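Colleague: My questions concern the predicted model and sequence given below.
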Amino acid sequence: MSDSTLNGKLFLRIAPTVAVTILIVAALAFSSATREINNIYDAQLIDDANVLWTLLQRKLDGPLQIAQQRVPDIDFSMDDQLALNQDADDYADAHMFRAWKAGRIVVYSSTAFLSEVPRQNAGFSTLEHGKEEWRIYTLPIPNTEIVIEVGEKLALRKTLVANILLNLFFPLLILVPIIGCLTWLGISSGLSPIRGLVRQIRTRSPDDLSTIRVSELPRDLLPLGRSINHLLGKLSRSLELERRFSDLAAHQLRTPQAGVKLLLQMLAAADTEAERRAIIADLVACSDRATHLIEQLLRLARVSHHPLELKPVRLYELAASLLADFGKIASSRRIQLSLAGDDRALVGADESLLSLMISNVIDNAVKYTPVGGRVEVTIARERDCWCLSVCDSGPGIPTDKHEAVFQRFYRLDTLQNEGAGLGLAIVSDVAARLSATVSLTTPRWGEGLKADLLLPHIENA
Ligand code: ATP
Ligand code: MG
């Protein structure tokens, strides 16, 4: 059993998805902010160039005799009170302009780089100057030799983007634990029906096999609830059967016990030797019956608890050895035993359970067949199974009792009263465990009983 809870497991599966989603959203927001900032700043540069041209137009339109003119910083001429703040000053330093006429710089800002940096091509360009990257917009004035250049340090944009990133990051720092808590709470409340189900099962007493309430369960948990109820139903039915069986078994065991007691009392009161001998013979028979009943009960219990050891079993050889065990009793009653059929028959089964099943059927055939009758065992192929049939010339079983005789302790009124009524119940339980089928019919000679055991065939190795 692992220590982790379902809550924790679900959280660990959901949390990475939420974290990745947050990161993707942040990355998308960041990249779109960067794009927008670049667009706005580029548009600003175009505006700056146009405004500059409007301002300088009169000055530059005239003949080219003016001297090169540097435009001073505006904050130089202001006293400290009016001076722009440091940040604004930095922003101002991050801009420059140059106005060219006939290939010569005519007017330029104090921040501009001089003629060591050649004029840039028309439109936007990026250049590196003194460890700084600049974004330049070059505007050639049509039909003149005038070119206006405005520029801006790219660091300005990068600082802004970094600020946006930081502003995005801090709310996320607070948001992530909040999302984590909400997810945890959501999972917890979503799993509450399962906890309710566990509580319902845990709090009940061991002998309470009543169904659990499934009406409050969400739709996807309904199959689980129904399966549990189905299992509880099966459990309660089989417990009921077990209870009835143990009651019957106790009753059956008490019968020979009462017989023994009665016979012992009779023995004590017997006058003659002949009487005593007869009573002792009855006592032995009674004890044999009790022993047989206990053996059958133990066999029945073994069928359900015996660990299956499936392996290829040669059906013909097994049937022959089991028939041989009945040789003595059959000959004492002049019953003719025979075995016929395919001696290559190979079935996949647990040999000891299979022997138990076959010997119970043969035992019935021999037991219920009158003196001078016959019991015939045949083995034949039937589609993908091997069919072992045991036919006898006894009284047979009426068709309407074919189902009932497989019940525990069910016996028909026959002349033969030696039996525990468990043989066919054992056969039916073994058949269920070995995936075999049992059916009862009438033999081809028209009387008696034919028991067919269909066993799964396996190929010859
Ligand atoms: P056990 O086999 O436990 O010693 P049993 O033979 O009485 O006792 P089953 O083998 O379960 O019990 O058989 C149930 C009943 O079916 C028998 O009591 C008998 O009446 C009837 N029966 C079974 N096999 C035959 C058969 N070959 N011919 C006639 N009746 C049979
Ligand atoms: Mg029997």
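Modeller: Thanks, I have the structure now. Ligands and ions are numbered 1, 2, ... in the order given.
Colleague: how far out from the middle of the chain is stretch 106-114?
Modeller: 74 Å (CA atoms, centre = their mean, to the nearest Å).
Colleague: List the residues that contact Leu209.
Modeller: Leu209 is in contact with 232-233, 235-236, 239, counting by CB atoms under 8 Å, 6 or more residues apart in numbering. Placement of C-beta: from N, CA and C, glycine included.
Colleague: burial count for the nearest residue to it once chain neighbours are set aside?
Modeller: Leaving aside its sequence neighbours, Leu209 sits nearest to Ser236 (CB to CB, 6 or more residues apart in numbering; 3.9 Å). Counted with other CB atoms under 10 Å, the neighbours of Ser236 add up to 15.
Colleague: host element of Ser236?
Modeller: Assessed by DSSP states H and E, Ser236 sits inside helix 222-269.
Colleague: Report all helices and strands that that helix contacts.
Modeller: Identification of packing neighbours for helix 222-269 by 3 or more CB pairs under 8 Å, 6 or more residues apart in numbering; DSSP states H and E yields helix 192-202, helix 273-305.
Colleague: and these, which one's lowest on average pLDDT?
Modeller: Note on these: lowest mean pLDDT is at helix 192-202, with a mean of 86.
Colleague: tilt between that one and helix 222-269?
Modeller: Orientation check (axes from the mean of the first three to the mean of the last three CA atoms, to 10 degrees): helix 192-202 against helix 222-269 gives 10 degrees.
Colleague: Now helix 192-202 - C-alpha only, PDB.
Modeller: In PDB, the C-alpha atoms belonging to helix 192-202 read as follows (Å, rounded to 0.1, in the frame of the first residue of the first chain):
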ATOM      1  CA  SER A 192     -15.800  13.800  -1.100                       C
ATOM      2  CA  PRO A 193     -18.300  11.300  -2.700                       C
ATOM      3  CA  ILE A 194     -15.500   8.700  -2.700                       C
ATOM      4  CA  ARG A 195     -14.800   9.400   1.000                       C
ATOM      5  CA  GLY A 196     -18.500   9.100   1.700                       C
ATOM      6  CA  LEU A 197     -18.500   5.700   0.000                       C
ATOM      7  CA  VAL A 198     -15.500   4.500   2.000                       C
ATOM      8  CA  ARG A 199     -17.200   5.800   5.200                       C
ATOM      9  CA  GLN A 200     -20.400   3.900   4.400                       C
ATOM     10  CA  ILE A 201     -18.400   0.600   3.900                       C
ATOM     11  CA  ARG A 202     -16.000   1.200   6.900                       C
END
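Colleague: what sits against the residue of the stretch 151-300 of the chain found nearest ligand 2?
Modeller: Nearest residue of the stretch 151-300 of the chain to ligand 2: Gln296, at 8.3 Å (CB to the ion). Counting by CB under 8 Å, 6+ apart, Gln296 makes contact with 420, 422-423, 426.
Colleague: for this structure, which spans come out with low pLDDT?
Modeller: 1-3, 63-67, 73-92, 115, 414-417, 460-461 (pLDDT under 70).
Colleague: which one is the residue most central in space within it nearest to, not counting chain neighbours?
Modeller: Geometric centre of the chain, nearest residue: Leu224, 12.5 Å, by CA atoms, centre = their mean. Among residues not flanking Leu224 along the chain, Leu197 sits closest, at 7.4 Å (CB to CB, 6+ apart).
Colleague: do Leu114 as well
Modeller: Once flanking residues are discounted, Leu114 sits nearest to Ile105: 6.6 Å by CB to CB, 6+ apart.
Colleague: next one: Cys286
Modeller: Gly259 (4.6 Å).
Colleague: Pull the number of nearby residues for that neighbour.
Modeller: Gly259 has 17 nearby residues by other CB under 10 Å.
Colleague: go on, Val313?
Modeller: 19.
Colleague: hang on, it is in a strand, isn't it?
Modeller: Yes: under DSSP: H, G, I helix; E, B strand; the rest coil, Val313 sits within a strand.
Colleague: wait, isn't it in contact with Ser352?
Modeller: No: with contact defined as CB atoms under 8 Å, Val313 does not count as touching Ser352 (10.1 Å).
Colleague: re earlier: okay, the helices and strands packed on helix 222-269, which one's buried deepest?
Modeller: Burial of the helices and strands packed on helix 222-269 is given as mean neighbour count (mean count of other CB atoms under 10 Å); helix 273-305 ranks first at a mean of 15.
Colleague: right, quick check: it against ligand 1, any contact?
Modeller: Yes: Helix 273-305 is in contact with ligand 1 by CB under 6 Å from any ligand atom, via Gln296.
Colleague: What is the distance between that helix and the centre of its chain?
Modeller: That offset, for helix 273-305, works out to 52 Å (CA atoms, centre = their mean).
Colleague: and the direction of it versus that of helix 222-269, what angle?
Modeller: Using the same axes, to 10 degrees: helix 273-305 against helix 222-269 is 170 degrees.
Colleague: Output the set of residues of the stretch 351-461 of the chain in proximity to ligand 1.
Modeller: Going by CB under 6 Å from any ligand atom, the residues of the stretch 351-461 of the chain near ligand 1 are 360, 364-365, 368, 392, 394-397, 405, 410-412, 414, 419-425, 449.
Colleague: Out of these, which end up buried?
Modeller: Using 16 or more other CB atoms under 10 Å as the burial test, these include 360, 364-365, 368, 392, 394-397, 405, 411, 419-425, 449 as buried.
Colleague: same for ligand 2: which of those residues are within range?
Modeller: Restricting these to those adjacent to ligand 2 (criterion: CB under 5 Å from the ion) gives 364, 423.
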